[in-house]
Structure formats: structure tokens, C-alpha cells
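Undergrad: Turn this into a structure:
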Amino acid sequence: MAEVKVKVCGLTDAGDARLAVELGAAMLGFNFYPRSARYIAPAEARPIIAAMPAGIETVGVFVNATLEEIVSAAAASGIATVQLHGDEPAEFCRRLKQRLPGVSVIKAFRTEAGFVPETAADYPADAVLIDAACVGFGGSGLQADWECARAVAALLPAAILAGGLTAGNVAAAIRRVRPGAVDVCSGVEAVSGSGSISIISIKGRKDSVKMHEFFAAVRSAGTAKPGRELGGSPGVKFAIQKEKRSGL
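TA: Here you go, the predicted structure:
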């Protein structure tokens with residue numbers, strides 16, 4: 001099985017970003033959707049992004065933003081990749097790629113009723129992300145439909161699997177779906193409260209123990225690259241693959 005990359009999303013803290021890279025993350029996600037509990041302003045994300053070593057793919061997540069809003073946020077933050085996580089049509093993606101020719105585009109799709117894998121394969125993005133069907137736009141902790149995701153990954157080997165991934169299920173997800181990358185957000189978030197006190201996820205902050213456990217679980221699937229020290233040799237840039245498998 002080919003190496004599966006890890007994307008840690010919903011980052012708001014420099015220390016969490018550094019830990020993700022040290023553990024082996026290839027991609028870091030920053031939520032620029034103002035209504036998200038994990039929102040970070042593009043200007044606040046910039047110093048975190050600037051401190052990351054070469055080869056780390058930094059991703060700005062947008063939901064139904066305008067072209068001007070995305071162009072402005074990309075300039076303010078210094079992201080290398082735009083993730084469209086709303087209801088953006090294919091034509092919007094084409095226009096975005098014309099406006100930002102040096103920036104890669106990931107399009108997120110939800111495995112809701114009526115979802116057709118070929119729709120994702122035909123979308124004019126550099127890569128696609130498969131998320132769970134939920135109210136809102138991701139970060140719900142709900143699990144995506146792995147059978148739908150597997151069908152997409154068969155068409156697009158670089159497909160990214162998201163949706164409710166944790167240390168407890170990510171190895172099984174990798175073996176079943178065979179994605180090019182996995183995306184984790186709520187599955188490694190810190191929580192407050194214990195015992196009789198309600199446990200509440202601390203949106204945007206990661207738990208060190210959960211992070212270590214998640215990366216160990218990915219490695220147990222026999223696919224993850226080892227972690228590295230910050231400031232070491234540059235990693236390999238996330239390889240976007242739009243090749244369709246045939247005859248499989």
C-alpha cells in the first residue's frame with residue numbers, strides 16, 4: 001500500500017502546528033470560515049504558516065466565500081492550497097484557478113444521499129476530500145460513508161478521507177478506503193471536563209496524547225512516513241494526482 005499522508009485541520013495554535021509536523025503531518029489546515037468555532041483570521045495564521053518548514057502543504061479552508069475573499073485571505077495568510085468546503089460549483093473552481101494559478105485547490109464532497117463518486121472525479125480541482133454528510137460544513141465528528149469514499153479513491157488515488165477519524169478507526173479506514181491522505185480535526189481535539197462534568201471539545205486546540213495516538217495508528221496501517229524535527233530536511237510536497245485508474 002502506498003504511503004498515506006496526514007492532514008491535521010482546524011489548527012489555531014503554533015504549538016499544535018509544530019507538533020503535527022514533528023509527528024509527520026504533510027498538510028496543515030486553517031479554517032478561514034468566520035462562522036466556524038475553529039476560525040482563525042488569515043493574518044493570525046500567517047506567522048504559524050511562515051514558521052513551517054519547506055514541503056509542508058498549508059491549506060486554507062473556505063465555505064462559499066467569494067473569489068475576492070479567497071484571494072485576499074490567501075495573500076494575507078501565505079497558504080499554498082485552497083480547500084473549498086461549501087457548495088462551490090465547478091465553474092467557480094475554474095475561475096479561482098485562473099485568479100490564483102500558483103495555488104492548488106482541494107474540493108470537499110459530502111457522502112450524502114445521491115452522492116455520485118464520478119462527480120468528484122470530474123470536478124476541476126487538483127484533489128478532492130471526502131467528508132461526512134452532516135448539518136453544516138464539516139468538523140462534526142461524524143463518519144463519512146467509507147464505501148462511497150472507496151469508490152472515489154478508486155478513481156482518484158490522491159483522494160483525502162475525512163469525517164470522524166480517530167486513533168481508534170483510522171487504520172481500518174485506510175485499509176478499507178485506500179485514500180491518498182487522511183484528514184483529522186475533532187478526533188485529536190483537546191477536551192475540558194471529566195467525570196460527572198460534561199466533556200466539551202475545545203475547538204481549535206489539539207491534544208498531544210491524541211495526536212501521538214493518531215499518528216501511531218496511521219503507521220500501524222503500514223503507510224505513514226515517520227515524524228521529523230522542525231528545521232530538518234524538507235519533506236516532499238503533497239503530490240496532486242488527477243490520474244484515473246482504469247481496468248481495476
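
Undergrad: So which residues of this protein form strands?
TA: Here the chain has its strands, by DSSP state E, at 5-8, 27-31, 57-62, 81-84, 104-110, 127-131, 160-161, 181-184, 189-192, 200-206.

Undergrad: For the helix-or-strand element of the chain with minimal mean pLDDT, which outside residues touch it?
TA: Between all helices and strands in the chain, the lowest mean by mean pLDDT, DSSP states H and E belongs to strand 200-206, at a mean of 78. Identification of contacts with strand 200-206 by CB atoms under 8 Å, 6 or more residues apart in numbering yields 8, 10-13, 16, 19-20, 31, 37-40, 139, 141, 186, 188-193. The way it works is simple: take the backbone N, C-alpha and C, and place the C-beta from them, glycine included.

Undergrad: The residues you listed, buried ones only, as a ChimeraX selection?
TA: In ChimeraX, this line selects whichever of the contacts of strand 200-206 come out buried by 16 or more other CB atoms under 10 Å:
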select :8,10,11,12,16,19,20,31,38,39,40,139,141,186,188,189,190
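
Undergrad: hang on, the earlier thing: would you list the strands of the chain in a markdown table and tack on distance to His212?
TA: Listed next are the strands of the chain as a markdown table, based on distance: least, CB to CB, whole Å:
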| stretch | distance to His212 |
| --- | --- |
| strand 5-8 | 12 |
| strand 27-31 | 17 |
| strand 57-62 | 21 |
| strand 81-84 | 25 |
| strand 104-110 | 26 |
| strand 127-131 | 24 |
| strand 160-161 | 20 |
| strand 181-184 | 12 |
| strand 189-192 | 13 |
| strand 200-206 | 11 |
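
Undergrad: just to revisit the earlier point, can you give me how far the least confident helix or strand of the chain is from the chain middle?
TA: Centroid separation for strand 200-206 versus its chain: 17 Å, with CA atoms, centre = their mean, to the nearest Å.

Undergrad: Where does the prediction get shaky in this structure?
TA: Along the chain, segments meeting pLDDT under 70 span 1, 133-141, 193-201, 222-248.

Undergrad: what about the helices in it?
TA: 14-23, 42-50, 67-77, 90-99, 117-122, 146-155, 170-177, 208-220 (DSSP state H).

Undergrad: Can you tell me what sits against the first one?
TA: Just to be clear, that refers to helix 14-23. Contacts of helix 14-23 (CB under 8 Å, 6+ apart): 6, 8, 11, 28, 47-48, 51-53, 56, 205-206, 208, 211-212, 215, 227-230.

Undergrad: Show me which of the residues you listed are buried.
TA: 6, 8, 11, 28, 48, 52, 56, 205-206, 211, 215, 227-228.

Undergrad: Pick the one among those closest to Gln83.
TA: Distance to Gln83 across the buried ones among the contacts of helix 14-23 (CB to CB) is lowest for Leu28, with 11.4 Å.

Undergrad: For the closest one, list the residues it contacts.
TA: Here Leu28 is in contact with 7-9, 11, 17, 20-21, 49, 52, 56-59 (CB under 8 Å, 6+ apart).

Undergrad: switch to 10 Å and redo it
TA: Leu28 is in contact with 6-11, 16-18, 20-21, 45, 48-49, 52, 56-59, 79-81, counting by CB atoms under 10 Å, 6 or more residues apart in numbering.

Undergrad: how near is the nearest residue to Ala144 once chain neighbours are set aside to Ile70?
TA: Excluding the flanking residues, the one nearest Ala144 by CB to CB, 6 or more residues apart in numbering is Gly163, at 3.2 Å. According to CB to CB, to the nearest Å, Gly163 stands 23 Å off from Ile70.

Undergrad: These two: which has the busier surroundings?
TA: Ranked by neighbour count (other CB atoms under 10 Å), Gly163 and Ile70 place Gly163 first, with 30 against 24.

Undergrad: isn't the more buried one right up against Gln143?
TA: Yes. Counting by CB atoms under 10 Å, Gly163 does reach Gln143; the two are 5.4 Å apart.
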